[in-house]
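Peer 1: Have a look at this fold, sequence not included:
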């Protein structure tokens, strides 16, 4: 889009949106209204000419009836027909010019709007096609891993080479069922849509890394920001994570129900779909604590773990509660404490964190 066309379109957009007309547009408006004013004057002039002609006819009729010795009335000045014709020609030229200007302006607006809309649609189509491909690849990888897991389980119970078609079908069906069950086959009591929410992040400061900006005609309409809530929402998409400054951070979660925690799951994006070609910002060493209140000053340690990002490590990793002393206690809150990352010097990013366990109702406590 050329700069002159952009400025022209911007001024038109301003006049439409905010009722403001630039000097350039005002001159165009005057060009369009001037011929109409001239036409009105011309119509009045024609009416005067008709009246003049009628008066002249009446005078001639009256003079023919006068006696021969009566003096003839002095003739009225005749209208200037050449001037009227000249004005008509001038008006025709102005109207033709204005119509051409108006048509050209409309064509420019339609062309620019079509170009902008097509560009935006193409951008969104490419973006969502890419996201769909990523989701399909992730689903394939997860399904293959689950099928291998089912095959391993069957191999423990059957002699080598004894698999048949029914066994393979059963393995695939079980793998699909487990994948549909949030990839874990277990309830996630930290899931926001199930009733959990973030209570605090202590002193952890949000670090804005991925910020999608949506613009129209150069104006920023909306800028997306990720929050700690992303950690307990379903789905793992590149960029949809919560990042905090440095390599140490905390996040407290109010669980969807009081539970006896049994395990935790953390899922990060694989390095294959990272825009940077690495996942150094992934958490490395971390611990999980159980709390009885939001401001619990003596939280119970449930376990200390390390998230691995090796070539053979899966994006979704499970961690069992390792502290037997607190294994049978019930908790309504948990706190995830990240102690290090995999080498990023500026920030650490958290994707999906799950909490599994056995729900305990009030009468059982």
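Peer 2: Received, thanks. A quick note: this is a predicted structure, and the numbers were derived from the prediction, not measured. Numbering: from 1, shown residues only.
Peer 1: shouldn't residue 331 be in contact with residue 257?
Peer 2: No. With contact defined as C-beta atoms under 8 Å, residue 331 does not reach residue 257; the gap is 10.3 Å. For every residue, glycine as well, the C-beta is placed using N, CA and C.
Peer 1: Name the single longest strand found in the protein.
Peer 2: If you go by DSSP state E, the chain has its longest strand at strand 249-267.
Peer 1: got the contact list for the very next helix or strand once past that strand?
Peer 2: Note on strand 249-267: by DSSP states H and E, the next helix or strand toward the C-terminus is strand 285-291. In this structure, residues lying in contact with strand 285-291 by C-beta atoms under 8 Å, 6 or more residues apart in numbering are 252, 261, 264, 266, 299-307, 319, 326, 329, 331-340.
Peer 1: Just the buried ones from the residues you listed?
Peer 2: Among those, those buried by neighbour count (16 or more other C-beta atoms under 10 Å) are 252, 261, 264, 266, 299-300, 302-303, 305, 307, 319, 326, 331-338.
Peer 1: Please enumerate the helices of the stretch 151-300 of the chain.
Peer 2: If you assign secondary structure with DSSP state H, counting those that start in this stretch, the helices in the stretch 151-300 of the chain sit at 165-180.
Peer 1: returning to that earlier point: I'd like to know which elements the longest strand of the chain is packed against.
Peer 2: For strand 249-267, the contact count by 3 or more C-beta pairs under 8 Å, 6 or more residues apart in numbering; DSSP states H and E identifies strand 197-200, strand 285-291, strand 300-306, strand 316-320, strand 331-338, strand 347-350, strand 352-359 as packing neighbours.
Peer 1: Adding distance to residue 276 and mean pLDDT, write those strands out as CSV.
Peer 2: Listed next are these as CSV, based on distance: least, C-beta to C-beta, whole Å; pLDDT from 0 to 100:
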stretch, distance to residue 276, mean pLDDT
strand 197-200, 26, 95
strand 285-291, 21, 96
strand 300-306, 22, 95
strand 316-320, 20, 94
strand 331-338, 19, 96
strand 347-350, 11, 96
strand 352-359, 19, 95
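Peer 1: what's the closest of the ones you listed to residue 270?
Peer 2: When these are compared by C-beta to C-beta, strand 316-320 sits nearest residue 270, at 9.8 Å.
Peer 1: May I have the strands that pair with the closest one, each with its orientation?
Peer 2: Using DSSP bridges, the strands paired with strand 316-320 are strand 249-267 (antiparallel).
Peer 1: can you give me the angle the partner strand makes with strand 352-359?
Peer 2: Between strand 249-267 and strand 352-359, the angle comes out at 80 degrees (axes from the mean of the first three to the mean of the last three C-alpha atoms, to 10 degrees).
Peer 1: residues contacting the closest residue to residue 200 other than its chain neighbours?
Peer 2: In this structure, residue 200 finds its nearest non-sequential neighbour in residue 252, 4.7 Å apart by C-beta to C-beta, 6 or more residues apart in numbering. Residues counted as contacts of residue 252 (C-beta under 8 Å, 6+ apart) are 198, 199, 200, 201, 202, 291, 294, 333, 334, 335.
Peer 1: Tell me the spacing between the last one and residue 261.
Peer 2: Shown here: residue 335 relative to residue 261, a distance of 12 Å by C-beta to C-beta, to the nearest Å.
Peer 1: shaky segments in the stretch 151-300 of the chain?
Peer 2: 151-169, 171, 173-182, 210-217, 220-224 (pLDDT under 70).
Peer 1: so what pLDDT did residue 115 get?
Peer 2: pLDDT for residue 115: 69.
Peer 1: re earlier: looking at strand pairing, list the partners for the residue nearest to residue 200.
Peer 2: residue 200, residue 335.
Peer 1: Give me the pLDDT value at residue 68.
Peer 2: At residue 68, pLDDT is 53.
Peer 1: between the longest strand of the chain and strand 300-306, how many degrees?
Peer 2: Going by the same axes, to 10 degrees, strand 249-267 makes 60 degrees with strand 300-306.
Peer 1: now the angle from strand 249-267 to strand 285-291?
Peer 2: 100 degrees.
Peer 1: What are the buried residues along strand 249-267?
Peer 2: Here strand 249-267 shows 249-261, 263-267 as buried, counting by 16+ other C-beta under 10 Å.
Peer 1: with the contacts of residue 252 in mind, which one is nearest to residue 243?
Peer 2: Nearest member of these to residue 243, counting by C-beta to C-beta, is residue 201, at 11.6 Å.
Peer 1: quick one: contacts for the closest one?
Peer 2: 228, 244, 249, 250, 251, 252.
Peer 1: Quick check: the farthest pair among those?
Peer 2: Distance extremes for the contacts of residue 201: the farthest pair is 244 and 252 at 13.3 Å, using C-beta to C-beta.
Peer 1: No more questions from me, cheers.
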